Every structure is written in structure tokens, then in C-alpha cells.
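Peer 1: Predicted model, plus sequence, below.
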Amino acid sequence: MHLTGDKEVFTSGRITAGPSVLRGASRPDLLRNETLAEILSATAKRLPQKNALIWGEQSVSYGELDSLSNAIGASLIQRSAASGKVIGLFLPRGADLLIAQAGITKAMQRGFHSMPKLRLSA
């Protein structure tokens, strides 16, 4: 697939052309060596009372999101979840789904960091 200013978008099983989303100057200063799990935990430490998820009239703070996702991640690790294993998640759209996804992300990060390091040779 070759992209030139526009990109192909998958909708309802069809490919349609759409405007390119990524435009502008390259900003390598915005790239950091961190994972989603690390970003969530750091944000929870910095802004624990700030709303992370809002749906309808309910909300979850970053502190609550961190605590709940840590509990899910720990539970998954106790059940032998690890990087490279498939974890099924069947929930309706909403905050519970996002909290569970964050928990899976944290479990996989912990599993990833406990894996033996591989050496790459040129």
C-alpha cells in the first residue's frame, strides 16, 4: 500500500480514501521511552483526583483507574497471564472495558520486564 497525502481507511469491510491524519513537523522531542502502563501510573501519581474516564454521569479518577487496573493486572499475573499469551476480554463499551484493558496492559508490561533480554546481532 502506497500513501501520498491521503490514506486508505477500513470501514464496514471496505477500503475508502480519507485525509491523512498525521501531518506537520517531525517532533522527536515528544517521543519518550515509556509504555502506556507507565504513563497511566505516572499520571495517577501526578493527578490522582483528576477525571480519567467520564461516561454519562459517572466518572473514574486517575487514582481509581490506577488502583483498579493494578488489581486486574495482578490477578491476571496470578492466573499465569504473560506476554505472548492471548487474553480474552468480552465487555460492553464503557469504562469497565477501558479499565480492564489498562489492567491487561499492566500485566503484559510486568510480564515483559520479567522476560529474559534478547541480544540482537547485526
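Peer 2: Yep, it's here.
Peer 1: Could I get the pLDDT score of the residue nearest the centre of the chain?
Peer 2: Note on the chain: the residue nearest the mean C-alpha position is Leu36, at 5.0 Å, using CA atoms, centre = their mean. pLDDT, Leu36: 90.
Peer 1: Same question for Leu118.
Peer 2: 44.
Peer 1: residue boundaries of the strands in this structure?
Peer 2: 6-11, 14-19, 51-55, 58-61 (DSSP state E).
Peer 1: Let me see the ranges of the helices in the protein.
Peer 2: Secondary structure of the chain (DSSP state H): helices located at 36-46, 62-78, 95-114.
Peer 1: As a markdown table, the ones you listed with distance to Leu30 would be great.
Peer 2: (Glycine included, C-beta is placed from N, CA and C.) Below are these laid out as a markdown table (distance: least, CB to CB, whole Å):
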| stretch | distance to Leu30 |
| --- | --- |
| helix 36-46 | 13 |
| helix 62-78 | 21 |
| helix 95-114 | 21 |
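Peer 1: Relative to Gly56, which of the ones you listed is closest?
Peer 2: Nearest to Gly56 among the helices of the chain is helix 95-114 (9.4 Å), distances taken as CB to CB.
Peer 1: outside of the closest one, which residues touch it?
Peer 2: 35-38, 40-41, 53, 55, 58, 60, 65, 68-77, 81-83, 87, 89, 91 (CB atoms under 8 Å, 6 or more residues apart in numbering).
Peer 1: List buried residues within those.
Peer 2: 37, 40-41, 53, 60, 65, 68-70, 72-73, 76-77, 81 (16 or more other CB atoms under 10 Å).
Peer 1: Appreciated, that's everything.
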